[in-house]
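K.L.:
Structure for this input, please:
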Amino acid sequence: MTSHDSFGALRRLGLMATCTLLAAGPITQAAHADTAYPTKPVKFITGFPAGGPLDILGRALAEPLQKELKQPFVVDNRPGAGGNIGADLVAKSPADGYTVLLTIDTTFTINPHVYASMPFATKDLKPLMIFSSSGLTFGVGPSVGAKTLPEFVTQSKSEASTFGSAGNGSPGHIAAEIFSTATGARITHVPYKGNAPAVMALLSNEVQAGILATPGLLPHIQSGKVRPLAVTGRQRSPLLQHVPTVGELGLKDLEFEVLYLAMVPAATPEPVMQTLRKALQSAMALPEIKSRLATLDMVALGETGNAAVEHLDASSVRYGKIVKSTGMKVD
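P.N.:
Numbers count the residues shown, from 1 in each chain. Okay, here's the model as predicted:
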C-alpha cells in the first residue's frame, strides 16, 4: 500500500469517526438534558381553589421536593369546570416536566361522562403518581333538624332541600344525584367552585346540606355548626370515628373515595418522569408528610405506572355507569 493510499484510508476513517460523533451528539445532549432536570422552577397547576385539600397537599409537598431537586416548586391555582381548566392548561404545556398537574381523579373519571365536550383529551396527560385517597362527609347546616341520614331523607321528602357540592361533576354532585334517586329525597343541587366555598355556603344556610371533603368541615363539626350524618368511605374516617359510613346505613352505592394525583403531558420524557417520581416517593415517606395526610383524612397510596392507570380506568367505568343511570349532565 502506498503512502497516498494509507493517507486516504486514514482520512476516510477520520471522516467516519467525525460523522459518528456528530450523529451521537444530539443523543448525548438529550440524555444530558434529561439527567440535568430540573434546571428551573417547577409549577404545580391545581385545578381547584386555594385552601382545599389538594392545595394543602401541593404546598406540603413543595418544600421537600425543593430540598431534593434544588429548584422551587410553586403552586398555581387554576380553578373551574371541575378541574378542566387546570388540566387543559397542563395538557397544552410543553412536555418538559416543568408544568405538573395536581388534581383529583374526577377530572378524568367523571368529567368526560358529564360534560358535553372536553377542552382536552384524557390521552394528552398521563399519571405520574396517585398520592392518596379520601372519603367525603355528608353534613347538614345549623338550620336542619335531622340528627341522622334517615331523618334527613324523611324531612327532604316532605320539604325540598338545597344541596351544595364542590362543583358540577364533583363526587358530591354525583352523590347528590344518586342519593336523590335511591331515597326519593327532594334535593336541589347547588355547585360551588371548590370545597371551601361550599363549606361557607353550608355555614351561612345558603344551602342545607352537602357531601364535602372532611378536613374543610372538621372545625365546624367540632364547633357544632355542622352536623355529620355519614361518611362516604368504605371505612369510618379516623377524624370522625363516631360517624357511620353510608354502607352501614344501607347506601353502598353512595360510597366514594376521591383520588389525589399528579399528572404530566403524555409526551414527557421517561427520565424526567423518573426523577419526579423518585422525589415524590421520597417526600411521601417523610414523617411530616404522613402526618399532613392524616390531618387531611387521606390514606397514602403512592401508585404509579400501570397500577395508577388501571385504578383510574376502573373508576371511570364505575362513574360512567352512574352518570348514565342518573341522566346527570353539566351545562
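
K.L.:
I'd like to check which residues are in contact with residue 301.
P.N.:
Going by Cβ atoms under 8 Å, 6 or more residues apart in numbering, residue 301 touches 130, 131, 132, 133, 259. From N, CA and C alone the C-beta is placed, and that goes for glycine too.

K.L.:
Please repeat the previous calculation with a cut-off of 7 Å.
P.N.:
Residues in contact with residue 301 (Cβ atoms under 7 Å, 6 or more residues apart in numbering) are 130, 131, 132, 133.

K.L.:
ok, now residue 195?
P.N.:
Per Cβ under 7 Å, 6+ apart, neighbours of residue 195: 52, 53, 166, 212, 213, 216.

K.L.:
Mind pulling up the pLDDT for residue 33?
P.N.:
Looking at residue 33, its pLDDT reads 42.

K.L.:
Tell me the buried residues in stretch 82-102?
P.N.:
By 16 or more other Cβ atoms under 10 Å, the buried positions in stretch 82-102 come out as 82-91, 93, 95-102.

K.L.:
pLDDT score for the closest residue to residue 237 other than its chain neighbours?
P.N.:
Closest residue to residue 237 apart from its sequence neighbours, by Cβ to Cβ, 6 or more residues apart in numbering: residue 231 at 4.8 Å. Looking at residue 231, its pLDDT stands at 94.

K.L.:
Next, the contact list for residue 231, please.
P.N.:
135, 137, 237, 240, 243, 245.

K.L.:
correct me, but the last one touches residue 233?
P.N.:
Right, the one you point to is residue 245. Yes: Residue 245 is within contact range of residue 233, at 6.3 Å (criterion: Cβ atoms under 7 Å).

K.L.:
Which one of those two is surrounded by more residues?
P.N.:
Legend: neighbour count by other Cβ atoms under 10 Å for residue 245 and residue 233, higher for residue 233 (24 against 19).

K.L.:
Let me know the helix or strand that that one is in.
P.N.:
Residue 233 is part of no helix or strand, with elements assigned from DSSP states H and E.

K.L.:
what sits against it?
P.N.:
Listed by Cβ under 7 Å, 6+ apart, the contact set of residue 233 reads 135, 245, 257.

K.L.:
show me where the stretch 51-200 of the chain has helices.
P.N.:
53-69, 84-91, 106-109, 111-114, 149-158, 171-183, 195-203 (DSSP state H, counting those that start in this stretch).

K.L.:
what angle do the first one and helix 84-91 make?
P.N.:
It stands for helix 53-69. Counting by axes from the mean of the first three to the mean of the last three Cα atoms, to 10 degrees, helix 53-69 lies at 20 degrees to helix 84-91.

K.L.:
Repeat that for the fifth one.
P.N.:
Our comparison of helix 149-158 with helix 84-91, counting by the same axes, to 10 degrees, yields an angle of 110 degrees.

K.L.:
can you pull the pLDDT of the residue lying closest to residue 154 once chain neighbours are set aside?
P.N.:
Of all residues not flanking residue 154 in the chain, residue 146 sits nearest, at 7.7 Å (Cβ to Cβ, 6+ apart). pLDDT for residue 146: 94.

K.L.:
Residue 146 contacts residue 152, doesn't it?
P.N.:
Yes: between residue 146 and residue 152 there is a contact at 3.9 Å, judged by Cβ under 7 Å.

K.L.:
shared neighbours of the two, anything?
P.N.:
Residues touching both residue 146 and residue 152 (Cβ under 7 Å, 6+ apart) are residue 140.

K.L.:
Looking at the two, which is more packed in?
P.N.:
residue 152 (25 against 18).

K.L.:
where's residue 76 relative to residue 287, distance?
P.N.:
27 Å (Cβ to Cβ, to the nearest Å).

K.L.:
ignore the last one, residue 295
P.N.:
The value you get for residue 295 to residue 287, if Cβ to Cβ is used, is 13 Å.

K.L.:
So for those two, which sits in the more crowded spot?
P.N.:
The neighbour count for residue 295 versus residue 287, taken as other Cβ under 10 Å, is higher for residue 295 (13 against 7).
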